[in-house]
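1. output the structure for:
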Amino acid sequence: MGFTPDNTGDNISEKNKNYCELTALYWAWKNLDADFIGLVHYRRYFSNGKLLKRKEARILSEAELQKALDRCGILLPKPRNYWIETNYSQYAHAHHAIDLDTTREILRERYPAYIKAFDASMQRTVGHRFNMFVMSQESLCAYCNWLFDVLFELEKRLDISAYSPYDARVFGFVAERLLDIWIETNRVPYMEMPVLNTESQHWIRKGTAFIKRKITYKAHEK
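-> Residues are numbered from 1 along each chain as shown. Predicted coordinates:
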């Protein structure tokens with residue numbers, strides 16, 4: 001096969017339809033021993049960010065990655081900006097607001113020191129997405145201990161039986177919003193890197209879906 005699947009060792013592979021790429025993150029956390037551990041996707045990778053007219057952008061090389069990590073111990077993708085949406089309203093329009101509301105309840109009960117960062121992040125229009133990063137194993141263990149404790153409790157409290165297959169990926173979506181909260185609360189320095197998407201972005205289709213969600217959401221509110 002050429003790679004080790006995430007259903008070996010200590011794993012949550014059976015949760016993949018709800019946790020998405022986080023089943024790979026869990027596996028790496030529980031089974032790998034390395035100085036640095038990162039997570040990218042089958043179609044999204046950290047890039048060297050070259051301009052297309054001068055030199056086509058490509059996936060970050062091992063040497064470039066090491067150079068970046070020498071400068072800062074955690075690498076994150078460049079943030080996404082929703083411009084006319086806050087992180088909270090964008091999620092509520094695209095998914096179910098109760099997902100974030102319940103997450104906040106869990107943080108208030110278990111990790112109250114994170115509430116300030118959570119509330120601030122929900123009111124911003126920008127955030128690091130995709131569950132992509134590279135960090136030291138020590139940082140990864142600290143992050144994953146916190147992240148999966150929150151997500152496993154969220155899984156107990158949410159009823160997703162009526163969710164669409166897309167919205168049922170809820171724990172992966174929520175985790176995308178939690179990374180910034182962990183980074184900010186723990187005052188972890190980081191460096192941002194461009195992301196190269198190897199597939200077409202379909203911006204027109206995404207834009208149409210975005211407008212449709214907003215209209216549907218406002219109609220539902222009435």
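
2. contacts for the lengthiest helix in the chain?
-> Secondary structure assigned by DSSP state H gives helix 137-157 as the longest helix of the chain. The contact list for helix 137-157 (CB atoms under 8 Å, 6 or more residues apart in numbering) reads 18-19, 22, 25-26, 28-29, 32-37, 73-74, 99, 102-103, 105-107, 110-111, 135, 171, 174-175, 178-179, 182, 186, 188. Bear in mind the C-beta positions are built from the backbone N, C-alpha and C, glycine included.

3. can you map out the helices along this protein?
-> Under the criterion DSSP H, helices of the chain are mapped to 16-19, 22-31, 62-71, 87-94, 97-110, 115-123, 137-157, 170-185, 203-221.

4. hey, which of those is tucked in deepest?
-> Each of the helices of the chain was scored by mean neighbour count; the highest is helix 170-185, a mean of 21, by mean count of other CB atoms under 10 Å.

5. quick one: contacts of stretch 26-46?
-> Residues contacting stretch 26-46 (CB under 8 Å, 6+ apart): 6, 8-13, 19, 21, 24-25, 59-60, 65, 69, 75, 77, 130-137, 140-141, 144, 148, 193-199.

6. of those, select the buried ones using a ChimeraX command.
-> Applying 16 or more other CB atoms under 10 Å to the contacts of stretch 26-46, the buried members can be selected in ChimeraX as follows:
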select :6,11,12,19,21,24,25,60,65,69,75,77,130,131,132,133,134,135,140,144,148,193,195,196
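
7. quick one: contacts for residue 99?
-> Residue 99 touches 91, 154, 158, 170, 173-174, counting by CB under 8 Å, 6+ apart.

8. could you rerun that using 7 Å?
-> 158, 170, 174 (CB atoms under 7 Å, 6 or more residues apart in numbering).

9. isn't the second one right next to residue 18, touching?
-> In other words, residue 170. Yes: the criterion here is CB atoms under 7 Å, and residue 170 meets it with residue 18 at 6.5 Å.
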